[in-house]
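In: mind looking at a prediction? Sequence and model below.
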Amino acid sequence: MLKCNIEKQLNHFVLNVDFDVKNEILCIMGESGSGKTSILNSIAGLLTPDKGSIVLNENIIFSEQINLKPQERNIGYVFQDYALFPNMSVKDNIFFMNPDESYSNSLIEKLGIEYLLKNFPNTLSGGEKQKVSIVRALSNKPDLLLMDEPFSSIDEKFKNKFYEELIEIKKSLDIPIIMVTHNRIEAEILSNRVIFIDKGRIVK
């Protein structure tokens, strides 16, 4: 379970949110620039809030006294641009953080990307990059998975397949997932709960 209560001065407004996430898929929606990605980055440790606290499974990962480094938080993050290392093969990208090899191989098989392992990111389609990014994010068995617009680069005709695969993956995980999206239909299909952000605040 994640408990997030943070405040952060951004360029044009103050991000001020307070929410919990249980073993579910929570979608965060809102206009561009409303603070959605800043929430994910704060949870991941890439952005430091001005005050507040973030607690993951009863472990404090951020407070006024504690600010764990991203690599100490055991959080998986699927970035909007996938953030794969261009000079590494798919296999090296996945195994870069010394994950559980057996578990990673099971994810590779589940998403059907065995044939990509020797390839490099610049040879992959958007959908293939997305699958590799998800496997990499889950390979260390994180306590929480963050996803920032993970399907934005996927052709519409392929999206339903990716939704089904994410739902199947979630069934095998016992962790919360927080996903930022602009797509209301996507949120309705995938999420257990949706919150809307406007200028850094939860509006509904």
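Out: Received the coordinates, thanks. Numbering: from 1, shown residues only.
In: check which helices and strands the helix or strand of the chain with the lowest mean pLDDT sits against.
Out: None of the helices or strands of the chain scores lower by mean pLDDT, DSSP states H and E than helix 156-172, at a mean of 80. Judged by 3 or more Cβ pairs under 8 Å, 6 or more residues apart in numbering; DSSP states H and E, helix 156-172 is in contact with helix 101-110, helix 126-138, helix 184-190. Every residue, glycine included, has its C-beta placed from N, CA and C.
In: tell me which of the ones you listed is the most buried.
Out: helix 126-138 (a mean of 22; mean count of other Cβ atoms under 10 Å).
In: after that helix comes which helix or strand?
Out: strand 144-148 (DSSP states H and E).
In: list the buried residues in that following strand.
Out: For strand 144-148, burial by neighbour count (16 or more other Cβ atoms under 10 Å) applies to 144-148.
In: which residues does the spatially most central residue of the chain contact?
Out: Centroid-nearest residue in the chain, with Cα atoms, centre = their mean: residue 146, separated by 1.8 Å. By Cβ atoms under 8 Å, 6 or more residues apart in numbering, the residues touching residue 146 are 40, 43-44, 75-78, 177-179.
In: dump these into TSV; add neighbour count and distance to residue 160 as well.
Out: Shown next, in TSV, are those (neighbours: other Cβ atoms under 10 Å; distance: Cβ to Cβ, whole Å):
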residue	neighbour count	distance to residue 160
40	23	24
43	25	28
44	19	28
75	24	28
76	25	23
77	23	24
78	23	18
177	23	18
178	26	22
179	25	16
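In: in strands only, show me the residues you listed.
Out: Residues of those located in strands (DSSP state E): 75-78, 177-179.
In: and the two most separated of the residues you listed?
Out: 75 and 179 (13.6 Å; Cβ to Cβ).
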